[in-house]
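Undergrad: model the structure of this input:
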Amino acid sequence: MEGCLPDIFNFKRARSGQKTLNMIRILFSAVCLLAITNCEAQHTLVPETLWKLGRVADPQVSPDGDKVLYMVQNYSLEQNKGNADIWICDIATGNSMKLAADESNESMPRWSPDGKSVYYLNDAGGSSQLWMVNPDGTGKIQKSHLNADINLYAIAPSGDRIWYVQDVAIDKILGKDIYPDLPKTTGHLYDDLMARHWNAWADGTYSHLFVANFDHGAITNPVDVMVGEPFDCPLKPDGGEEEIAFSPDGKTIVYTCKKYKGKEYALNTNSDLYLYDVAGGKTTNITSGMYGYDRDPVFSPDGKMIAWLSQQQAGAESDRQRIYTYEILTGKKNDLTKNFDNMVEAISFNGSGNRLYFRAEIQGTKPIFFMDMNDPGNPPNRQLTSDIADFTGFSVVTPKGKTDVMIASRQSLSEPTELFKIDMQTGKSTQLTYTNKAVLSDIKMGEVRKRMVKTTDGKEMLTWVVYPPDFDPSKKYPTLLYCQGGPQTMLSQFFSYRWNLQLMAANGYIVVAPNRRGLPGFGSEWNDRISNDWGGQPMKDLLSAIDDVSLEPYVDKDHRGAVGASFGGYSTFWLEGHHQKRFKAFISHCGVFNFEGMMATEELFFQNHEFGGPYWQVPKPESYELFSPNKEIQSWDTPILIISNERDYRIPYSQGLEAFTAARLKNIPAKFLSFPDEGHWVLKPQNSVFWQRTFFDFLDTYLKK
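TA: Numbers count the residues shown, from 1 in each chain. Below is the predicted model:
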């Protein structure tokens, strides 16, 4: 507290009379109270704090293992926008500096194969092009001047070729393209699915893969690998560079593509891997006959093998992801994870090829694993890291004559992402960057406890419980049930810039966050238990969690709420009709209210898998009658805040409007918040703060009075 008091209040300096001294004492007491209040305020996490944090991502270790490139995205709440910069860190000392930091956005920093140059994308001048800079920050220069944006790229390990991704116009959908004499028409004309996807309407363009010669940044003789094909590479909406890979000699590219159109595209998840011979132009499907998602291929360092992620079920987007290998000479395929019953992701060989690293979802965390590839039969999976945290990315190199060097990005419920160095023998992680130290140094986070809850069918369910800072067990606290979305997305050690559990705790709430049925990280049976049972066991699990924690004397059972987004928004709609007076307030963000209305979304394989088919199917799938929240509107009786955004094409915003209309017609206190420029997520800074203020104002109204 001393640091909060001005020097003027040193009583040795008071030379006036007793009256003056008394006045000073009164003033001192008032200032002390103000100072204490201000000091405490500095320890409170608020929505604006989240927008002061630099968002760290994309570590890239240099070939010699001495340095790492990474991205930091910073936002201006006043300007309502962000800017991405490239940083470089000396791994031995931890010293970091900005490498490319213009007012434009820089992204995708990548080392040249010899480590002497850094390439990156820069949108200066209004077009995303390839730039180059020296590792000391000198010699910055634009290298490409293509006629369209470069969305993604990678340089071949051989250094003489580059692949890049650009949008290519193929279909005529826009009215001005169909009728050139109507250049100002805004119409879109469709004759098949998919008219829109997540947050964008189809406009007739497709993301295409190009390959070209490359000479120290100069791009020549580009070839469209998918010329004339109305398909996307990488996959939309969230595919990235991980879906494309060069062979070590640069002569071959393997890429991910889902080569279907219209209804067939909307109804299945069957993407394949295609091997493209750069010299001959021949394309070969190497996963033909495998009917789920096949994606994220990587070549072994000797070029003899490709490893990738594969799902077996067509139409099941959350089927367990496995690691497969393909021997290029023989065509033999092998499932390396047939004895590993958890979701895997982010695979990468080390330089010698004797280890294959990957990330997995395990018991509410995301650690890094590896396989010993010297075992040709079924290489064992070994857990490298054991932090109570999520590793969101990693980069590994094997410098000549040295052991593997790995830098990983890590976050937790209490810590935004920073870079960590991994000890390759012990798995211990040591923090390397401190991007947000100044912002977080005087903010106190609440304690996070792991709690195992017994479910109604006798299972043990991992539940994270987050307590307010300076938690006092002798007091009673309003309590929130946090309902996870997905529906199959593990409730892990995530640090969110909107659904931030620590921010909820900082506002005086205990937060109960259960890994209910239907979430990965606890085996396939647990993950698969949700399909065609949305309102069944998963909802019982949620209630088990809040009931269990509510046995504690510090939970104010008269002031409990439930909040969630996407499937979590569905959960709060469902609980509104079934909670038996447990809750005093609900918040539903972009939640499903009417199952039949979900046919207005895009990836229809999702409804087929989760609901059992379309509602006109005979016999009608029972989910539509048993689990759709609109069927239980007569039981709604609790105040609710409903959020639904106009650019959310995954869960159409009419779902929220229907729920809001029903609530108000039943005279239930309700509010409706919508953003015309946001989709399934709220991404703009000022929109996000408005969202947070509305969120907590609503909760405080019903849970703190």
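Undergrad: okay, CA-based contacts and neighbour counts for the rest of this
TA: Noted.
Undergrad: report pLDDT for the residue nearest to Ile633 when sequence neighbours are not counted.
TA: In space, not counting the residues next to it along the chain, Ile633 is nearest to Gly577; the distance is 6.5 Å by CA to CA, 6 or more residues apart in numbering. According to the prediction, Gly577 has pLDDT 97.
Undergrad: tell me the spacing between Gly577 and Asn630.
TA: Note on Gly577: its distance to Asn630, by CA to CA, to the nearest Å, is 9 Å.
Undergrad: try Gly292
TA: Here the criterion is CA to CA. By it, Gly292 lies 32 Å from Asn630.
Undergrad: coming back round to it: measure how buried the residue nearest to Ile633 is and give me the count.
TA: 19 (other CA atoms under 10 Å).
Undergrad: thinking it is in contact with Ser635, fair?
TA: Yes: applying CA atoms under 8 Å as the test, Gly577 and Ser635 come out as touching, 4.8 Å apart.
Undergrad: report how many residues lie close to the residue nearest to Phe358 when sequence neighbours are not counted.
TA: The shortest distance from Phe358 to any residue that is not its chain neighbour, by CA to CA, 6+ apart, is 4.3 Å, and that residue is Ile347. Ile347: 22 surrounding residues under other CA under 10 Å.
Undergrad: equivalent analysis for Ala245, please.
TA: Burial of Ala245, expressed as a neighbour count using other CA under 10 Å, amounts to 23.
Undergrad: gap between the closest residue to Tyr653 other than its chain neighbours and Phe606?
TA: On the basis of CA to CA, 6+ apart, the spatially nearest residue to Tyr653 that is not a chain neighbour turns out to be Ser644, at 4.9 Å. Spatial separation of Ser644 from Phe606 under the definition CA to CA is 20 Å.
Undergrad: neighbour count: those two, which is higher?
TA: Applying other CA under 10 Å to Ser644 and Phe606 shows that Ser644 carries more neighbours, namely 30 against 22.
Undergrad: hmm, that one is touching Phe660, no?
TA: No: counting by CA under 8 Å, Ser644 sits too far from Phe660 to count as a contact (10.0 Å).
Undergrad: identify the contacts common to the two.
TA: Between them, Ser644 and Phe660 share these contacting residues under CA atoms under 8 Å, 6 or more residues apart in numbering: Phe672.
Undergrad: okay, strands next: where are they in the stretch 551-700 of the chain?
TA: For the stretch 551-700 of the chain, applying DSSP state E, counting those that start in this stretch gives strands covering 555-565, 585-589, 640-643, 670-673.
Undergrad: okay if I get those strands as a markdown table plus mean neighbour count, mean pLDDT and distance to Arg498?
TA: Conversion of the strands of the stretch 551-700 of the chain to a markdown table gives the following (neighbours: other CA atoms under 10 Å; pLDDT from 0 to 100; distance: least, CA to CA, whole Å):
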| stretch | mean neighbour count | mean pLDDT | distance to Arg498 |
| --- | --- | --- | --- |
| strand 555-565 | 23 | 98 | 11 |
| strand 585-589 | 27 | 98 | 11 |
| strand 640-643 | 25 | 98 | 13 |
| strand 670-673 | 17 | 98 | 15 |
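Undergrad: turn those into a markdown table, including distance to Gln488.
TA: Rendered in a markdown table, the data for the strands of the stretch 551-700 of the chain read as follows (distance: least, CA to CA, whole Å):
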| stretch | distance to Gln488 |
| --- | --- |
| strand 555-565 | 13 |
| strand 585-589 | 17 |
| strand 640-643 | 21 |
| strand 670-673 | 26 |
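Undergrad: for Met461, which of those strands is the nearest?
TA: The minimum distance between Met461 and the strands of the stretch 551-700 of the chain falls on strand 555-565, with 18.3 Å, by CA to CA.
Undergrad: relative orientation of the closest one and strand 585-589 in degrees?
TA: Here strand 555-565 runs at 20 degrees with respect to strand 585-589, directions being taken by axes from the mean of the first three to the mean of the last three CA atoms, to 10 degrees.
Undergrad: report all helices and strands that strand 555-565 contacts.
TA: Using 3 or more CA pairs under 8 Å, 6 or more residues apart in numbering; DSSP states H and E as the contact criterion, the neighbours of strand 555-565 among helices and strands are strand 477-483, helix 567-576, strand 585-589, helix 685-703.
Undergrad: so it versus helix 567-576, what angle?
TA: Between the direction of strand 555-565 and that of helix 567-576, the angle (the same axes, to 10 degrees) works out to 130 degrees.
Undergrad: chain center to strand 555-565: distance?
TA: Remark: strand 555-565 is offset 25 Å from the chain centroid, using CA atoms, centre = their mean, to the nearest Å.
Undergrad: any low-confidence regions in this structure?
TA: Within the chain, the set of residues satisfying pLDDT under 70 comprises 1-42, 376-378.
Undergrad: now do the helices in it.
TA: Along the chain, the segments classed as helices by DSSP state H run 18-42, 47-50, 175-178, 262-267, 437-440, 501-506, 524-528, 537-549, 567-576, 604-611, 623-626, 654-665, 685-703.
Undergrad: list the buried ones in the third one?
TA: If you call a residue buried by 16 or more other CA atoms under 10 Å, then helix 175-178 has these buried ones: 175-176.
Undergrad: ok, now the fifth one?
TA: By 16+ other CA under 10 Å, the buried positions in helix 437-440 come out as Leu440.
Undergrad: equivalent analysis for stretch 540-557, please.
TA: Using 16+ other CA under 10 Å as the test for burial, stretch 540-557 gives 540-546, 549-550, 554-557.
Undergrad: what does stretch 281-300 give?
TA: For stretch 281-300, the buried set under the neighbour-count rule, 16+ other CA under 10 Å, comprises 283, 286-287, 290-300.
Undergrad: which residues touch that stretch?
TA: For stretch 281-300, contacts defined as CA under 8 Å, 6+ apart pick out 225, 242-248, 254-256, 268-277, 305-317, 331, 346-349, 353.
Undergrad: quick one: buried ones out of those?
TA: Applying 16+ other CA under 10 Å to the contacts of stretch 281-300, the neighbour count classes 225, 242-248, 254-256, 268-277, 305-317, 346-349, 353 as buried.
Undergrad: can you tell me which of those residues are in strands?
TA: Judged by DSSP state E, the subset of the buried ones among the contacts of stretch 281-300 located in strands is 244-246, 254-256, 272-277, 305-310, 346-349.
Undergrad: related to what we said a few turns ago, which stretch among the helices and strands packed on strand 555-565 comes nearest Phe214?
TA: Shortest distance between Phe214 and the helices and strands packed on strand 555-565, using CA to CA, is found for helix 685-703: 38.9 Å.
Undergrad: domain ranges for the protein, per the record?
TA: Following the assignment in automatic domain parsing, the chain carries domains at 2-42, 443-703.
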